[in-house]
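Undergrad: coordinates only, no sequence provided:
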């Protein structure tokens, strides 16, 4: 019930109220992946990145293959832990290829450079169309 309320509040642009509802929901629904995922998104967009990371971590504890939480964690980690961010982006991309358009709706270039496994500094594209190969994103052999 609180999850649906928070989604409605989000649609109305009342993100702070939605966050409060979701914070109550996590206490009553500690194993609800989507509650943590939505909470993470709202916290991220509210500039509360540490708390967003906690929410996405919990989401990934509940489901290590949750592509959206993985992609958001990678975005949050870009400034501090590029190696793990790159690993998460690669894993999310591979899972998205296996499960259809799970990354659809997330477009654009991450405005940070990542050093690949081959030592080459490159921009990372995330949320790409599944038709784009991993080689275009991460270089040959990835």
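TA: Received, thanks. Quantities reported herein were computed from a predicted structural model and do not represent experimental measurements.
Undergrad: and the closest residue to residue 28 other than its chain neighbours, what is it in contact with?
TA: Nearest residue to residue 28, sequence neighbours excluded (C-beta to C-beta, 6 or more residues apart in numbering): residue 2, at 7.1 Å. Quick note: C-beta positions are derived from backbone N, CA and C, even for glycine. Taking C-beta atoms under 8 Å, 6 or more residues apart in numbering, we find residue 2 in contact with 21-22, 24-25, 28-29, 35.
Undergrad: just send these back as a markdown table, with pLDDT and distance to residue 84 too.
TA: Output for these, formatted as a markdown table (pLDDT from 0 to 100; distance: C-beta to C-beta, whole Å):
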| residue | pLDDT | distance to residue 84 |
| --- | --- | --- |
| 21 | 91 | 31 |
| 22 | 92 | 26 |
| 24 | 93 | 31 |
| 25 | 91 | 28 |
| 28 | 91 | 32 |
| 29 | 90 | 28 |
| 35 | 92 | 24 |
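Undergrad: what subset of the residues you listed is buried?
TA: Neighbour-count burial (16 or more other C-beta atoms under 10 Å) applied to those gives 21-22, 25, 29, 35.
Undergrad: could I get these as TSV with distance to residue 72?
TA: TSV is the format used below for the buried ones among the contacts of residue 2 (distance: C-beta to C-beta, whole Å):
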residue	distance to residue 72
21	20
22	15
25	18
29	20
35	15
